[in-house]
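Trainee: only geometry, no sequence info:
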């Protein structure tokens, strides 16, 4: 089976038709969020927009939080930063963290919903949170290269996660948080 994230699900492997249904559902979730905000998002509304039965939507997603976490996981999987061989270690790390922080900068409704979803206690979301965290960590370690130090990696992960929570709570935009992440990363890595 392909390593393409579209064919993976937190619940099971997907065949082509199932992957297409999940693509429709995740796309519809973003549309509903843009129109109605996080408060207006419901799995049933997303299913209707995607043209599938609610029972089908619930086959793939246990909750709206699970659906939104999946949207972020897919966006993260689609975001492959340009490999940077030049620049300092700090420049490489900043490029990675800034890129991930800005994934949803132009979509505040989605960004806020993702923050809430990832902080939830749904077991399916928990599974995705672990996968997302591992992917972010892998990106940081790759940017650090051979100079990788667990203490630095942990500190950078905390800066990234804390900044996204702050943005999700409305303490600034995701663009502002990307600037804050850059400042903090440069302090950690000097």
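Mentor: That came through fine. Keep in mind it's a predicted model, so treat the numbers as computed, not measured.
Trainee: Could you use CA atoms for every contact and neighbour count after this?
Mentor: Fine.
Trainee: Any idea which helix or strand in the chain has the lowest mean pLDDT?
Mentor: The weakest-scoring helix or strand in the chain, judged by mean pLDDT, DSSP states H and E, is helix 108-118 (a mean of 86).
Trainee: Name the nearest residue to the spatially most central residue of the chain, ignoring sequence neighbours.
Mentor: Centroid check for the chain by Cα atoms, centre = their mean gives residue 72 as the closest residue, at 3.3 Å. Leaving aside its chain neighbours, residue 72 sits nearest to residue 114 (6.8 Å; criterion: Cα to Cα, 6 or more residues apart in numbering).
Trainee: can you give me the helices in this protein?
Mentor: 16-36, 43-50, 54-60, 64-78, 89-101, 108-118, 123-144, 150-168, 174-189 (DSSP state H).
Trainee: Give me the angle between the fourth one and helix 108-118.
Mentor: Using axes from the mean of the first three to the mean of the last three Cα atoms, to 10 degrees, the direction of helix 64-78 lies 110 degrees away from that of helix 108-118.
Trainee: which residues touch helix 64-78?
Mentor: With contacts defined as Cα atoms under 8 Å, 6 or more residues apart in numbering, helix 64-78 is touched by 5-6, 26, 29-30, 41-43, 61, 100, 103, 110, 113-114, 116-118, 120, 122, 124-125, 128-129, 132.
Trainee: Low-confidence stretches in this structure?
Mentor: 1-12, 81-85 (pLDDT under 70).
Trainee: if I look at residue 165, how far off is residue 120?
Mentor: From residue 165 across to residue 120, the span is 12 Å (Cα to Cα, to the nearest Å).
Trainee: More neighbours: those two, which one.
Mentor: For residue 165 versus residue 120, neighbours defined as other Cα atoms under 10 Å are more numerous around residue 165 (21 against 16).
Trainee: Might one say that the more buried one is in contact with residue 113?
Mentor: No - counting by Cα atoms under 8 Å, residue 113 is not a contact partner of residue 165; they are 11.0 Å apart.
Trainee: quick one: contacts for residue 136?
Mentor: Contacts of residue 136 (Cα under 8 Å, 6+ apart): residue 157.
Trainee: no no, residue 27
Mentor: So residue 27 contacts residue 50 (Cα under 8 Å, 6+ apart).
Trainee: do you know how far it is from residue 51?
Mentor: Residue 27 is 12 Å from residue 51, by Cα to Cα.
Trainee: Residue 41 now?
Mentor: Taken as Cα to Cα, the span from residue 41 to residue 51 is 16 Å.
Trainee: likewise residue 67?
Mentor: Applying Cα to Cα to residue 67 and residue 51 gives a distance of 16 Å.
Trainee: again with residue 160
Mentor: Applying Cα to Cα to residue 160 and residue 51 gives a distance of 36 Å.
Trainee: Who has more neighbours out of these two?
Mentor: Taking other Cα under 10 Å, residue 160 and residue 51 do not tie; residue 160 has more neighbours (24 against 14).
Trainee: All good on my end, thank you.
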